[in-house]
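In: build the 3D model from these lines:
(one chain, ligands or ions: 1)
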Amino acid sequence: MDHQRFDDAVTKRINAMVERVEQAKGADLYYYNQPITELRGGARVLVRGREMGMFASYSYLGLIGHPRINKAAKDAIDKYGTGTHGVRSLAGTLDVHIELEQTITDFKHAEAAITYTSGYVTNLTVVSTLMGRHDYVFSDKLNHASIVDGCMMSGAKFVRFKHNDLNDLQRRLEEAPASATKLVIADAVFSMDGDIIDLPRVVDLCNKHHAWLMIDEAHSLGVLGKTGRGIEEHFGLGDVVDIKMGTLSKTIPSVGGYVAGRKDLITYLRHASRAYIFSAALPPAQAAAANESFKIILDEPERIEKLRVNADQFIMGLKKRGFDTLYTVTAIVPVLCGDDMVAYAMTREVQNKDVFVLPVVSPAVEQGKARLRATVTAAHEPDEIEHAMNEIEIAGKKLGVIK
Ligand SMILES: *Cc1c(COP(=O)(O)O)cnc(C)c1O
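Out: Predicted coordinates:
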């Protein structure tokens, strides 16, 4: 096949991307899709034949590899095999799916829950099912791409407010027609910066303007709240979020996404959201793994406390060393580097010392705000965190990120 059949815009886009990738590879600065060949305990991984401390994991509570979860997955394979019989509404509903949805319902103190095959798909289908032309969605500027895509797909008027700036949200709500149907959406913990949405004020504004509220708990499930139930527990607010969205691929070491909420809402989504109707459900092993994980969070609450302590150590230690970590207060710790190239070089230096961190560059973040996006989990020990920070410090000095 001749790749240069056409000289059109698509060809140009492809060529530009390929060139960028080749350049990065040529400069030994390509950190995309590095394969991990083995998990060694909760906090160490084997990469390119070298054992590294894992500081890029979203397995916040260190549950990945937990024996109870592995066993639940294996048992499910023995019982059901590896797949379903098709989409949920035909023959694809297994009792592990019902069980998982009940577990999520209970965990979130909701009336009902629905699961989808990924968090991305959950946001895409839920926002576009609920909202339509003539409606208004208000989305934080730093919301996850899946939310942005869901908003665009819905065809609703897409209003973005300044990051965690509730005065701006208020202004924008006031500008919209009072009679319009409105939905406000935000990440609970922002995936690039690690800060927390000011939920109490968002709730007030939603009540005042009769707006629905959807919160994405990808990085707060198991992280926020004394028992890990998330942002409502964190603020002691009770049931204030209408659409409680989360993923099963981070703290929960499986794959999938969910929404919990009022019974009527979930019934509607079950009968109207296209990703549920036209796409097969989670494989049984993944559903069983997710189900067991929620139980472990409740059985082993010390993991939540340990994560808290580890995150504090990491954030304070990096700040003390002179790094800018923005406004993070959670386990996601941005280590600002500036230029994309500096972030790549920092990654290389630190990985060469067997600390596995990854860079985030534009367009994922603003130009000039490239960073290492480092994370800690409950699986780290204090001396491992100290060691990682020392290596980051050495690299930071060498590259002029800190003095
Ligand atoms: C990771 C993430 C998602 C997508 O979840 P997947 O299960 O990986 O598809 C959605 N929202 C946020 C905020 C995320 O960080």
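In: wait, is residue 232 part of a helix?
Out: Yes: checked against DSSP: H, G, I helix; E, B strand; the rest coil, residue 232 lies within a helix.
In: make 653 the first number, not 1, from now on.
Out: All right, first residue 653 from here; so that's residue 884.
In: for stretch 886-895, buried residues please.
Out: By neighbour count, with 16 or more other C-beta atoms under 10 Å as the criterion, the buried positions of stretch 886-895 are 886-887, 892-895. Heads up, the C-betas are built off the backbone N, CA and C, glycines and all.
In: before we move on, what about stretch 661-668?
Out: Buried, per 16+ other C-beta under 10 Å, within stretch 661-668: nothing.
In: again, but for stretch 1013-1026
Out: Applying 16+ other C-beta under 10 Å to stretch 1013-1026 flags 1013, 1017, 1021-1026 as buried.
In: on that earlier part again, of the buried residues of stretch 886-895, closest to residue 1039?
Out: residue 886 (30.0 Å; C-beta to C-beta).
In: quick check: the closest one touching residue 849?
Out: No: if you go by C-beta atoms under 8 Å, residue 886 and residue 849 don't touch, sitting 10.3 Å apart.
In: is there proximity between the helix or strand containing residue 950 and the ligand?
Out: Secondary structure assigned from DSSP states H and E places residue 950 in helix 936-951. No: figure legend: helix 936-951 not in contact with the ligand (C-beta under 6 Å from any ligand atom); closest approach 10.9 Å.
In: elements contacting that helix?
Out: helix 719-732, helix 747-759 (3 or more C-beta pairs under 8 Å, 6 or more residues apart in numbering; DSSP states H and E).
In: okay, buried residues for the first one please.
Out: By neighbour count with 16+ other C-beta under 10 Å, helix 719-732 contains the buried residues 721, 724-725, 728, 732.
In: elements contacting it?
Out: Using 3+ C-beta pairs under 8 Å, 6+ apart: helix 719-732 touches helix 936-951.
In: still on that earlier bit, could the buried residues of stretch 886-895 go into JSON lines alongside secondary structure, pLDDT and distance to residue 833?
Out: Putting the buried residues of stretch 886-895 into JSON lines (DSSP: H, G, I helix; E, B strand; the rest coil; pLDDT from 0 to 100; distance: C-beta to C-beta, whole Å) gives the following:
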{"residue": "886", "secondary structure": "helix", "pLDDT": "98", "distance to residue 833": "28"}
{"residue": "887", "secondary structure": "helix", "pLDDT": "98", "distance to residue 833": "26"}
{"residue": "892", "secondary structure": "coil", "pLDDT": "98", "distance to residue 833": "19"}
{"residue": "893", "secondary structure": "coil", "pLDDT": "98", "distance to residue 833": "18"}
{"residue": "894", "secondary structure": "coil", "pLDDT": "98", "distance to residue 833": "13"}
{"residue": "895", "secondary structure": "strand", "pLDDT": "98", "distance to residue 833": "14"}
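In: nearest to the ligand among those residues?
Out: Minimum distance to the ligand across the buried residues of stretch 886-895 is 13.0 Å, recorded for residue 895 (C-beta to the nearest ligand atom).
In: reformat the buried residues of stretch 1013-1026 as a markdown table; add secondary structure, distance to residue 713 and pLDDT.
Out: A markdown table is the format used below for the buried residues of stretch 1013-1026 (DSSP: H, G, I helix; E, B strand; the rest coil; distance: C-beta to C-beta, whole Å; pLDDT from 0 to 100):
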| residue | secondary structure | distance to residue 713 | pLDDT |
| --- | --- | --- | --- |
| 1013 | coil | 28 | 92 |
| 1017 | coil | 26 | 90 |
| 1021 | coil | 28 | 95 |
| 1022 | strand | 28 | 96 |
| 1023 | strand | 24 | 96 |
| 1024 | strand | 22 | 97 |
| 1025 | strand | 19 | 94 |
| 1026 | strand | 17 | 96 |
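In: hang on, the earlier thing: now distance to residue 687 and pLDDT too, for the buried residues of helix 719-732, in a markdown table please.
Out: Shown next, in a markdown table, are these (distance: C-beta to C-beta, whole Å; pLDDT from 0 to 100):
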| residue | distance to residue 687 | pLDDT |
| --- | --- | --- |
| 721 | 22 | 98 |
| 724 | 26 | 98 |
| 725 | 21 | 98 |
| 728 | 26 | 98 |
| 732 | 29 | 96 |
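In: need phi/psi at the residue of the stretch 903-1052 of the chain found nearest the ligand.
Out: Using C-beta to the nearest ligand atom, the closest approach of the stretch 903-1052 of the chain to the ligand is made by residue 909 at 5.2 Å. Backbone geometry at residue 909, expressed as degrees, to the nearest 10, gives phi -140, psi 160.
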